[in-house]
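Undergrad: Make a model of this:
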Amino acid sequence: MYQLAFPLLIGLIIVALAFDFLNGLHDAANSIATVVGTRLLSPAAAVAFAAFFNFAAYFLALQWPQLHKVADTIGKGLIDKDLITPAVVFGALVGAMFWNVVTWVKGIPSSSSHALVGGLIGAGVAHAGISGIQWDGLNKTLIAIVLSPTLGLILTMAIMLATSWGGTRASARGAERTFRGLHLVSAGAYSLGHGLNDAQKTMGVITVLLYSTGYLHGEFHVPHWVALSCYVAIGLGTLSGGWRIIETMGTRITKLSQHQGFSASAGGSVMLFAASYLGIPVSTTHTITGCVIGAGAARRASAVRWGIARSVMVAWVITIPASAIVAALFYWAVTDLSRGLLAMEAIALVGFAMFAWRELRAQGDHYGRLAAGLGVLGFITAAMILLYGVAN
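TA: Next up, the predicted model:
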């Protein structure tokens, strides 16, 4: 058990919730790419739609607690929970947040989930070495990097094929009207699955922080207030939108019809609910990208802009190592470096916060402006934690 002053505990929880907010902001495109790309809903209505279902996943998990296995995988399935320290949590969150901001600014739909996984692995190895890794959980996550987009692509193509056969006698207008309704339902299901799987990753981080510092009594479990806070944070992040990534996901990879949009979001929702049940912290970005590609390829292979798809895949490959390196550096900054370097790290975090504020305001959307303070709060709080270390 590690001692941690209560103000620092609150600060780290705020950083974790800020990451959850950025996760929702960064992954807003995952939930609404198909409904925006097909013009089923306006961007503002689509964002509100996705945010509602992201938060509604909280009530789904209350009814079926077994769907909260992802939080266990993140909290104790990647790094031995008895080896995790507050410094490891700090490094992991900052590494993941840094990578999220970089890819969000560049409009690259990388994985927030794997940024957090990379952060935990990087900071955990910096603290305890390779022996601290829980290989079962890590291998399961790494395998999902390949399987989730692949299975999503195959499942979406199968749904396209089955529904095409089933609607051979329907008129074009009738089919369009039917698929508009089905698409809205499947998009809601996908947003529900997105909130369910992604919010749990931050739950796992906060829970293992409470466990390692003695603030969580009894067996490892997610307190209700932690779950509620994480679902609220990811819902607010989604509400603020992520328009650059939405453009890549919804229109630049392939043009979608209502039929394709329904198939992609239906295939993605099946994958996310299955992953949550199995306790796999799957990437919602990887999943929906595979589904969108599958929907385009089912029409014809040339309908997919494979150059864009390849650039997205390159971002997937480098996400875990990049966030792991940044997380390890911040872990060493907190634990081993001089006060002068700690102060320099704090200044860098303030710079990140200012950069994020400027980019959020550049959206020109009132949700983004309203949420700007929440978006930079994590970096500011992280900087204050480092300055607290300098002063003490």
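Undergrad: now the strands for the stretch 201-350 of the chain?
TA: In the stretch 201-350 of the chain, no strands are defined using DSSP state E, counting those that start in this stretch.
Undergrad: residue ranges with poor pLDDT in it?
TA: Scanning the stretch 201-350 of the chain for pLDDT under 70 picks out 241-255, 299-313, 315-316, 336-349.
Undergrad: For residue 98, which non-adjacent residue is spatially closest?
TA: Among residues not flanking residue 98 along the chain, residue 326 sits closest, at 5.0 Å (Cβ to Cβ, 6 or more residues apart in numbering). (Each C-beta comes from the backbone N, C-alpha and C, glycine too.)
Undergrad: Contacts only, for that neighbour.
TA: Going by Cβ atoms under 8 Å, 6 or more residues apart in numbering, residue 326 touches 94, 95, 98, 99, 119, 122.
Undergrad: Considering these, which possesses the most neighbours?
TA: residue 119 (34 neighbours; other Cβ atoms under 10 Å).
Undergrad: and that one, how far is that from residue 277?
TA: 25 Å (Cβ to Cβ, to the nearest Å).
Undergrad: go on, residue 153?
TA: Relative to residue 277, and taking Cβ to Cβ, residue 153 is found at 21 Å.
Undergrad: Same question for residue 22.
TA: Counting by Cβ to Cβ, the gap from residue 22 to residue 277 is 26 Å.
Undergrad: of these two, who's got more company?
TA: Using other Cβ under 10 Å, the more surrounded residue of residue 22 and residue 277 is residue 22, with 28 against 14.
Undergrad: Can you name every helix or strand that whichever strand or helix holds that one contacts?
TA: Using DSSP states H and E, the element containing residue 22 is helix 6-26. The contact analysis (3 or more Cβ pairs under 8 Å, 6 or more residues apart in numbering; DSSP states H and E) places helix 6-26 against helix 86-106, helix 112-128, helix 172-212, helix 224-240, helix 366-391.
Undergrad: Run the angle between the third one and helix 112-128 for me.
TA: So the one you mean is helix 172-212. 20 degrees (axes from the mean of the first three to the mean of the last three Cα atoms, to 10 degrees).
Undergrad: How far does helix 172-212 sit from its chain's centre?
TA: 11 Å (Cα atoms, centre = their mean, to the nearest Å).
Undergrad: Also stretch 152-172?
TA: Worked out by Cα atoms, centre = their mean, stretch 152-172 lies 29 Å from the chain centre.
Undergrad: how about the CA coordinates for it, as PDB?
TA: This file holds the C-alpha atoms of stretch 152-172, laid out as PDB (Å, rounded to 0.1, in the frame of the first residue of the first chain):
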ATOM      1  CA  GLY A 152     -15.800  -6.000 -37.800                       C
ATOM      2  CA  LEU A 153     -15.100  -5.900 -41.500                       C
ATOM      3  CA  ILE A 154     -16.200  -9.500 -42.100                       C
ATOM      4  CA  LEU A 155     -19.400  -9.100 -39.900                       C
ATOM      5  CA  THR A 156     -20.400  -5.900 -41.700                       C
ATOM      6  CA  MET A 157     -19.900  -7.500 -45.100                       C
ATOM      7  CA  ALA A 158     -22.100 -10.400 -44.000                       C
ATOM      8  CA  ILE A 159     -24.800  -8.100 -42.700                       C
ATOM      9  CA  MET A 160     -24.600  -6.200 -46.100                       C
ATOM     10  CA  LEU A 161     -25.000  -9.500 -48.000                       C
ATOM     11  CA  ALA A 162     -27.800 -10.800 -45.800                       C
ATOM     12  CA  THR A 163     -29.900  -7.600 -45.900                       C
ATOM     13  CA  SER A 164     -29.300  -7.200 -49.700                       C
ATOM     14  CA  TRP A 165     -30.700 -10.700 -50.200                       C
ATOM     15  CA  GLY A 166     -33.600 -10.000 -47.900                       C
ATOM     16  CA  GLY A 167     -34.600  -6.800 -49.600                       C
ATOM     17  CA  THR A 168     -34.400  -7.900 -53.300                       C
ATOM     18  CA  ARG A 169     -38.200  -7.300 -53.700                       C
ATOM     19  CA  ALA A 170     -38.300  -3.900 -52.000                       C
ATOM     20  CA  SER A 171     -38.600  -0.700 -53.900                       C
ATOM     21  CA  ALA A 172     -35.700   1.800 -53.700                       C
END
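Undergrad: Could you list the buried residues of the strand or helix carrying residue 141?
TA: Taking DSSP H and E as the definition, residue 141 sits inside helix 135-166. Of the residues in helix 135-166, 137-138, 140-141, 144-145, 147-149, 151-153, 155-157, 159-160, 163 count as buried by neighbour count, 16 or more other Cβ atoms under 10 Å.
Undergrad: Now for residue 6, how many residues are close by?
TA: Neighbours of residue 6 (other Cβ under 10 Å): 9.
Undergrad: now residue 132
TA: The burial count for residue 132: 18, using other Cβ under 10 Å.
Undergrad: Tell me if I'm right that it and residue 81 touch.
TA: No - between residue 132 and residue 81 no contact is recorded; they are 10.1 Å apart, counting by Cβ atoms under 8 Å.
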